[in-house]
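A.B. asks: let me see the structure of the following:
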Amino acid sequence: MDIKSKVSGIQHVGIPTNDMQKSIHFYKDLGFEVIWQTVNEQNGESVSFLRLGNLTMEIYENKQAVMKPGAIDHIALDVTDIDSIFSIMKSSGYQCLDEHVQFLPFWEHGVRFFTIIGPNKEKIEFCERKLSKEK
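C.D. replies: Okay, here's the model as predicted:
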């Protein structure tokens with residue numbers, strides 16, 4: 001399978017914050033709009049998605065932001081057929097941070113995702129946003 005045929009672009013860029021309201025204010029001043037807010041029940045973190053044009057950023061308040069250059073946590077790619085891509089990543093020897101495809105109840109019907117580590121220790125998240133209630 002050709003992974004390139006299953007990736008449609010950047011889904012979002014993930015940025016941790018120590019102060020959600022300060023981050024939202026900053027990005028709103030740059031022209032971003034808040035398009036989704038929730039709480040990640042798995043770890044109790046407030047999560048906000050902000051969009052400007054075709055760029056979506058996930059800001060999450062984990063109180064562990066390193067506060068130095070290089071602090072972006074991950075880049076997420078929008079994909080179809082997440083299970084096939086996960087299988088390819090595992091069998092090809094990529095360093096996966098997840099034992100299986102994960103699910104979070106973000107957006108209307110949730111998102112399925114997994115994360116790998118890149119050559120510079122960057123995290124690359126593969127996301128498939130569900131279009132219906134099925135998991």
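A.B. asks: what's stretch 114-124 in contact with?
C.D. replies: Stretch 114-124 has contacts (CB atoms under 8 Å, 6 or more residues apart in numbering) with 14, 73-77, 82, 86, 89, 94-98, 100-102, 125-126. No exception for glycine: its C-beta is placed from N, CA and C like everyone else's.
A.B. asks: can you point out the buried residues in the top strand by length along the chain?
C.D. replies: Ranked by residue count and defined by DSSP state E, the top strand of the chain is strand 7-17. Within strand 7-17, the residues that count as buried by 16 or more other CB atoms under 10 Å are 11-17.
A.B. asks: okay, and which of the contacts of stretch 114-124 map to strands?
C.D. replies: In strands, defined here by DSSP E, the members of these are 14, 74-77, 102, 125-126.
A.B. asks: partner strands of the longest strand of the chain, parallel or antiparallel?
C.D. replies: Using DSSP bridges, the strands paired with strand 7-17 in its sheet are strand 55-61 (parallel), strand 74-79 (antiparallel).
A.B. asks: make CSV out of these and add mean pLDDT, distance to residue 111 and mean neighbour count.
C.D. replies: Rendered in CSV, the data for the strands paired with strand 7-17 read as follows (pLDDT from 0 to 100; distance: least, CB to CB, whole Å; neighbours: other CB atoms under 10 Å):
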stretch, mean pLDDT, distance to residue 111, mean neighbour count
strand 55-61, 94, 10, 19
strand 74-79, 93, 9, 18
